[in-house]
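Chemist: Here you go, sequence then predicted model.
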Amino acid sequence: MGKMSELDLQAQEIEALQVSSGHEIYEETSLIVKHQNVSEAPTPQDVVKSRNGFDYVDEGYMRWRLNQHYPIWSWEVIKYETLGDKAIVVHGRLKIIDEGVPRSFDSVAAHRIAQARSGAGYVDLGNDLKAANSDAFKVAVNRLCNVADDVYRKQYIDNTLSQNQYDNMLLIMSQLDVQEAERVDVALQSGKINKDNYDKVVSKLKKGVKDE
């Protein structure tokens, strides 16, 4: 067998790049869809609590959701320190494997040190440290993994059309007259047609097509 020609080698390299690129695009799309789904999932009201006017969820719920969607994870306390006798600050790092991609997030949280009623000494520094660590952990889980986005007001509902909905709109537009199709296209590109009004718009357009 003769040596592979330079042209054949180039073709193989291009094919390898295309396969690699396709795999990366698939992974990126998979990550985006997964995080959006986790973000949009409503947090059960029985685990939502309130303190000082702010809603929060227990660490146990965050761990449960983390195990469900990102089962390979670790939490490391990088550093902790006291701010005089006022508070304990914890700096932690959450690491996860996200659809095969290693990711991490550092978070910092502080918890007030409870003073003894007598004014001398502290109630329980160990509990104060655990509370600061728990708060830092929950912040990291929310920011990196989108768990409880609705509670921590980080949620964004994606109302853009799915690919199937978009393709169906194009099919319907092909049956309209030019001016109507252009108006629909402008609304489609601007986002005025979205998941919320998709069924209504489709029904109206199909009725117009039948009337014609």
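Modeler: Now that the structure is in, tell me what you want to look at.

Chemist: Residue 138 contacts residue 62, correct?
Modeler: Yes. When contacts are counted by C-beta atoms under 8 Å, residue 138 is listed as touching residue 62 (5.1 Å). From N, CA and C alone the C-beta is placed, and that goes for glycine too.

Chemist: Pick out the residue nearest the middle of the protein.
Modeler: Most central residue of the chain, judged by C-alpha distance to the mean C-alpha position with C-alpha atoms, centre = their mean, is residue 35 at 3.3 Å.

Chemist: separation between it and residue 79?
Modeler: According to C-beta to C-beta, to the nearest Å, residue 35 stands 28 Å off from residue 79.

Chemist: just the helices in the protein please.
Modeler: Counting by DSSP state H, the chain forms helices over residues 6-40, 59-69, 125-145, 163-173, 178-190, 198-211, given from the N-terminal end onward.

Chemist: Out of the ones you listed, which is closest to residue 95?
Modeler: In terms of C-beta to C-beta, the element of these nearest to residue 95 is helix 125-145, at 9.1 Å.

Chemist: So what's the residue count around residue 176?
Modeler: Neighbourhood size, residue 176 [other C-beta atoms under 10 Å]: 17.

Chemist: Now do the phi/psi pair for it.
Modeler: In terms of degrees, to the nearest 10, the main-chain angles of residue 176 are phi -90, psi 160.
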